[in-house]
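Student: Sequence unavailable; structure follows:
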């Protein structure tokens, strides 16, 4: 069973084993979320679905949420944390790098779930999928 660090606001252990979810609450309002999903096969944690309400950005909430995922990974002896993003805002990429992540690749013309890859989508809706990794310790 994974251990969830305390902090930001309640953390719930989720299925699959090795997963956790945090909610940032400010003045009684949910202002941010993030999840961590452990993968025992390669001993990594995936940072997933980080989101902060646009009215509360720039206040350190995303960084606090990201740090919770890193703390979770260290408490549970994972060797690295990975994430993938289609974010177009440079602020998101700078946030990941400020947390210690290294950009390890990009997939051009990434197809989001539900995309049909029709001619119109290929012409007007091109997505780049960036991958990041933070090595916590060597295996």
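Tutor: Nice, thanks for sending it over. Predicted, not measured: the structure shown is a model, and the values here were computed from it. Numbering: from 1, shown residues only.
Student: buried stuff in the longest strand belonging to the chain?
Tutor: The residue-count maximum for a strand in the chain (DSSP state E) belongs to strand 29-39. Using 16 or more other Cβ atoms under 10 Å as the test for burial, strand 29-39 gives 31-38. Quick note: C-beta positions are derived from backbone N, CA and C, even for glycine.
Student: Identify the farthest-apart pair in those.
Tutor: Across those, no pair lies farther apart than 31 and 38, at 25.4 Å, counting by Cβ to Cβ.
Student: State the distance from the residue of the chain positioned farthest from its centre to residue 39.
Tutor: Largest separation from the mean C-alpha position in the chain: residue 119, at 30.9 Å (Cα atoms, centre = their mean). Distance, residue 119 to residue 39, using Cβ to Cβ, to the nearest Å: 36 Å.
Student: quick one: contacts of stretch 24-32?
Tutor: For stretch 24-32, contacts defined as Cβ atoms under 8 Å, 6 or more residues apart in numbering pick out 8-9, 23, 33, 50-53, 55-56, 61-62, 64-65.
Student: Sort out which of the residues you listed are in strands and list them.
Tutor: Reading strands off those with DSSP E, I get 23, 33, 50-52.
Student: Buried among those residues? Make that a ChimeraX selection.
Tutor: Typed into ChimeraX, the next command selects the buried ones out of the ones in strands among the contacts of stretch 24-32 (criterion: 16+ other Cβ under 10 Å):
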select :33,50,52
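Student: Redo the ones in strands among the contacts of stretch 24-32 as JSON lines? Include distance to residue 80 and pLDDT.
Tutor: Output for the ones in strands among the contacts of stretch 24-32, formatted as JSON lines (distance: Cβ to Cβ, whole Å; pLDDT from 0 to 100):
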{"residue": "23", "distance to residue 80": "25", "pLDDT": "94"}
{"residue": "33", "distance to residue 80": "22", "pLDDT": "97"}
{"residue": "50", "distance to residue 80": "17", "pLDDT": "95"}
{"residue": "51", "distance to residue 80": "22", "pLDDT": "95"}
{"residue": "52", "distance to residue 80": "24", "pLDDT": "96"}
